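[1] Sharing a model that was predicted from the sequence below.
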Amino acid sequence: MSNSFMGDGFPGRKGGAGEGWPGGAIWDAMEQLRGQFDRKVGARMARGDVRSAVLALLAEKPMHGYQIIHEIEERSGGAWKPSPGSVYPTLQLLADEGLIVAEESNGRKTYSLTDEGRVTADAAAGTSAPWETESARENVRASALPKAGIDLAQAAAQVGRSGNPEQVKEAVAVLDEARRKLYSILAQD
């Protein structure tokens with residue numbers, strides 16, 4: 001992700017992300033937070049996890065590819081959103097193995113388990129779904145805070161681009177208060 005969300009229209013902005021304008025330290029912190037977010041969220045789940053996730057979801061009900069992607073993202077708390085480039089080849093592989101079948105309706109393929117696929121899914125039913133594993137829970141924990149920080153930085157950037165001086169001053173006060181509250185969380189027992 002580039003610095004483009006911060007724009008170039010900040011008063012007095014020079015080289016660095018926040019250099020030259022009053023909230024510069026905030027931008028530097030947000031850039032650091034974004035770096036952490038990019039590293040943690042960029043982590044991928046193992047290839048077998050997509051397969052396991054697809055089988056687990058199709059054991060519940062037939063779905064099309066987009067539904068599968070959306071369900072995995074929802075169930076993982078947004079920490080894992082497999083790409084179509086990993087889900088659709090997995091669906092094709094499962095179909096080739098005879099574990100699922102596709103029915104086309106309204107221009108979409110809806111996938112469901114075959115009898116053999118149900119046996120395979122049932123055999124794995126006693127194990128945790130990929131979005132329920134410890135590593136998946138760690139991804140949620142590790143990605144939620146940095147993502148919230150990025151969202152906050154984007155809102156602050158919008159105020160910086162569009163707000164008048166009084167609004168910018170008010171936004172800086174809100175961010176300062178948020179920083180104090182975050183540190184107070186760490187200070188609690």
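    Structure received.
[2] tell me the helices in this structure, going along the chain?
    Remark: helices assigned in the chain by DSSP state H are 24-41, 47-60, 65-75, 84-96, 115-123, 134-162, 165-187.
[3] most neighbours per residue, which of those?
    Of all those, helix 47-60 has the most neighbours on average by mean count of other C-beta atoms under 10 Å, namely a mean of 20. From N, CA and C alone the C-beta is placed, and that goes for glycine too.
[4] list the helices and strands it packs on?
    For helix 47-60, the elements it packs on are helix 65-75, helix 84-96, strand 108-113, helix 115-123, judged by 3 or more C-beta pairs under 8 Å, 6 or more residues apart in numbering; DSSP states H and E.
[5] For residue 177, which of those is the nearest?
    Judged by C-beta to C-beta, the one of the helices and strands packed on helix 47-60 that comes nearest to residue 177 is helix 65-75, at 31.7 Å.
[6] which other residues reach that closest one?
    53-54, 57-58, 63, 80-84, 87-88, 91, 109, 111, 129-132 (C-beta atoms under 8 Å, 6 or more residues apart in numbering).
[7] Out of the helices of the chain, the one nearest residue 105 is which?
    Once these are compared by C-beta to C-beta, helix 65-75 is nearest, at 13.0 Å.
[8] how about the CA coordinates for that closest one, as PDB?
    Output of helix 65-75 as PDB, limited to C-alpha atoms (Å, rounded to 0.1, in the frame of the first residue of the first chain):
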ATOM      1  CA  GLY A  65     -17.700 -19.400  -5.200                       C
ATOM      2  CA  TYR A  66     -18.400 -15.800  -4.000                       C
ATOM      3  CA  GLN A  67     -20.500 -17.100  -1.100                       C
ATOM      4  CA  ILE A  68     -17.600 -19.400  -0.100                       C
ATOM      5  CA  ILE A  69     -15.100 -16.500  -0.200                       C
ATOM      6  CA  HIS A  70     -17.500 -14.300   1.800                       C
ATOM      7  CA  GLU A  71     -18.300 -17.000   4.400                       C
ATOM      8  CA  ILE A  72     -14.600 -17.700   5.000                       C
ATOM      9  CA  GLU A  73     -14.000 -13.900   5.500                       C
ATOM     10  CA  GLU A  74     -16.900 -13.600   7.800                       C
ATOM     11  CA  ARG A  75     -16.100 -16.600   9.900                       C
END
